[in-house]
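S.K.: prediction below, plus the sequence it came from.
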Amino acid sequence: MKKGNHLTWHHSSVTKKNRHLLNGHKSCVLWFTGLSGSGKSTLATAVDHALFQTGLRSYVLDGDNIRHGLNSDLSFDAADRKENIRRIGEVAKLFVDSGQIVLSAFISPFREDRKLVRDMFEAEEFIEIFLKCPIQVCENRDPKGLYKKARKGEIPEFTGISSPYEMPSRPEIVIETDNMTIEESVEKITAYLKDKKIL
Ligand SMILES: Nc1ncnc2c1ncn2[C@@H]1O[C@H](COP(=O)(O)OS(=O)(=O)O)[C@@H](OP(=O)(O)O)[C@H]1O
Ligand SMILES: Nc1ncnc2c1ncn2[C@@H]1O[C@H](COP(=O)(O)OP(=O)(O)O)[C@@H](O)[C@H]1O
């Protein structure tokens, strides 16, 4: 039987706009994408910290953390990565509906999967941030020693080595993390949010 046949959507009397007015800022998702070691977790948490310091409501969804709980049943093959990203898109949508700024830090290597998430949101709510960094630099950083293991064949389907990464074609923001400091990157992202009147 088709799932969801006998379900009814219940609307809240408190709207997303009401929540924006209460918070004093709009909600959106900052979708960080890039290779392992490109700086997703570092920058997502740094921007979160900067937003928190100015009294804004934000929250980080991080690949490593989410795969410990909600998505612990998923592997790294293409179908499970797709399901990983779909679920995160749905979670991010709930956070955005609750009035918060979501910072999501997932490799999200496939263009089609990122598009699927983009299409869940209103145009100005989804901000794709491409952390552009050559794989050689990511591999030199190797903060978790994963590239070393992947090169030895100990991690199958490792992004950039034995599984593809498809670069975004038209991201809202590009950060070259091998050419910018963490502080400059945070400044570029918060300046974008101010420019778009989200903050
Ligand atoms: N095979 C393989 N490929 C890539 N990454 C791997 C793999 N196995 C484990 N890890 C660890 O999982 C983190 C990536 O999880 P994500 O949920 O962001 O991946 S994805 O979006 O579903 O592609 C990734 O985190 P980051 O290094 O922060 O990107 C790794 O710590
Ligand atoms: N400009 C920068 N932006 C982000 N990370 C940087 C930058 N320069 C150096 N790094 C370092 O690169 C590493 C990135 O690791 P991490 O944030 O875990 O990446 P990812 O989440 O994409 O796997 C960290 O050790 C971080 O300190």
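M.R.: All right, it came through fine. Ligands and ions are numbered 1, 2, ... in the order given.
S.K.: now what about the helix or strand harbouring V96, what contacts it?
M.R.: Assigned by DSSP states H and E, V96 belongs to helix 78-97. Defining contact as C-beta atoms under 8 Å, 6 or more residues apart in numbering, one finds that helix 78-97 is touched by 16, 27-29, 31, 59, 61, 63, 66-67, 70-71, 74, 102, 104, 106-110, 112-114, 116-117, 120-121, 125, 163. For every residue, glycine as well, the C-beta is placed using N, CA and C.
S.K.: in the chain, which residue sits nearest ligand 2?
M.R.: At 2.6 Å from ligand 2, G39 is the closest residue in the chain, using C-beta to the nearest ligand atom.
S.K.: residue ranges of the strands in this protein, please?
M.R.: The residue ranges that make up the strands of the chain, judged by DSSP state E, are 28-33, 58-62, 101-105, 126-132, 173-176.
S.K.: nearest spatial neighbour of the residue of the chain closest to ligand 2, skipping sequence neighbours?
M.R.: In space, not counting the residues next to it along the chain, G39 is nearest to T177; the distance is 4.1 Å by C-beta to C-beta, 6 or more residues apart in numbering.
S.K.: find the centremost residue of the chain, please.
M.R.: S104 (2.6 Å; C-alpha atoms, centre = their mean).
S.K.: output the contacting helices and strands for the one helix or strand in the chain whose mean pLDDT sits lowest.
M.R.: Every helix and strand in the chain was compared by mean pLDDT, DSSP states H and E; the lowest is helix 63-66, with a mean of 92. Based on contacts counted as 3 or more C-beta pairs under 8 Å, 6 or more residues apart in numbering; DSSP states H and E, the elements that helix 63-66 packs against are helix 40-53, helix 78-97.
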